[in-house]
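Student: structure for the following, please:
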Amino acid sequence: MRIISGKARGTKLFSPEGEGTRPTLDRVREAVFSMICEYIPGSEVLDLFAGSGAMGLEALSRGAAFADFVDSDSSAVGVINKNTDKTRLVNCRVHHCDFKSFLAKCTKAYDVIFLDPPYQAGYYEAVLDTVRDKALLSEGGIIVAECSKGAELDTRGFEVYRRRTYGKVAVYVLCHKERE
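Tutor: Model (predicted):
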């Protein structure tokens with residue numbers, strides 16, 4: 001696993017050990033960033049369920065202004081810190097807490113939110129409801145949600161801007177519904 005493009009291009013990333021984390025494959029990350037490249041420069045990014053931090057670090061490498069990384073697993077947080085040091089992408093903050101605690105305290109609106117929770121845990125709806133209800137997605141911002149290929153994502157009032165499948169993974173890019 002490596003940074004694909006930008007300032008830290010080619011930097012190999014550490015990954016948490018064990019079955020608890022499922023890093024996004026390089027080819028999927030590359031395809032996702034090709035889809036959303038116009039949203040990245042100067043953006044404020046939230047990488048929820050960050051794991052290795054690869055999605056947020058890729059965004060920082062490509063010109064995002066700032067990234068918040070959130071993970072409840074202490075080994076994942078350690079890996080994210082090692083990866084931020086290794087890439088020298090320091091315009092970020094790593095939060096060691098669960099997503100509910102972070103979102104409950106959050107008052108910032110993000111331009112890009114990466115959402116890749118454990119697939120079967122049922123966290124998508126809770127996150128999307130909170131993001132919508134607390135207005136944590138900026139006007140014109142996007143949510144990139146990764147789930148298993150066969151799953152139908154309840155978008156909770158967000159519009160599906162794009163949906164792509166890569167092997168066993170489905171990626172949804174969500175945005176605010178157009179106002180009539």
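
Student: spell out for me which residue occupies the centre of the protein.
Tutor: F114 (2.0 Å; CA atoms, centre = their mean).

Student: got a list of contacts for the helix or strand containing that residue?
Tutor: Using DSSP states H and E, F114 sits in strand 110-115. Here strand 110-115 makes contact (CB atoms under 8 Å, 6 or more residues apart in numbering) with 36, 39-40, 43-50, 55-56, 59, 64, 68, 124, 127-128, 131, 136-138, 140-146. (Each C-beta comes from the backbone N, C-alpha and C, glycine too.)

Student: how close does the residue lying closest to the residue nearest to the centre of the chain once chain neighbours are set aside get to D26?
Tutor: Closest residue to F114 apart from its sequence neighbours, by CB to CB, 6 or more residues apart in numbering: M55 at 4.2 Å. M55 is 12 Å from D26, where distance means CB to CB, to the nearest Å.

Student: which one's more surrounded, the two?
Tutor: Legend: neighbour count by other CB atoms under 10 Å for M55 and D26, higher for M55 (27 against 15).

Student: and the more buried one, that's in a helix?
Tutor: Yes. Per DSSP: H, G, I helix; E, B strand; the rest coil, M55 lies within a helix segment.

Student: relative to D116, how far out is it?
Tutor: Separation of M55 from D116 (CB to CB): 7 Å.

Student: neighbouring strands - and their directions - for the longest strand along the chain?
Tutor: The longest strand of the chain (DSSP state E) is strand 137-148. The pairing partners recorded for strand 137-148 under DSSP bridges are strand 110-115 (parallel), strand 169-176 (antiparallel).

Student: how about the contacts made by the residue nearest to F114?
Tutor: T24, R29, V32, D47, F114, D116, V144.

Student: so among those residues, where is pLDDT lowest?
Tutor: Lowest pLDDT within the contacts of M55 is found at T24 (69).

Student: ok, and what's touching stretch 8-18?
Tutor: Here stretch 8-18 makes contact (CB under 8 Å, 6+ apart) with 1-3, 21, 23, 51-54, 57, 60-61, 73, 75-76, 79, 82-83, 86-89.

Student: let's see that with 10 Å instead.
Tutor: 1-4, 21-23, 26, 50-54, 57-58, 60-62, 71, 73-89 (CB atoms under 10 Å, 6 or more residues apart in numbering).

Student: stretch 173-180 too?
Tutor: Stretch 173-180 is contacted by residues 32, 35-36, 39, 112-113, 115, 128, 131-132, 135, 137-145, 153, 155-164 when judged by CB under 10 Å, 6+ apart.

Student: buried subset of these?
Tutor: By neighbour count, with 16 or more other CB atoms under 10 Å, those hold 32, 35-36, 39, 112-113, 115, 128, 131-132, 137-138, 141-145, 153, 155-156, 158 as buried.
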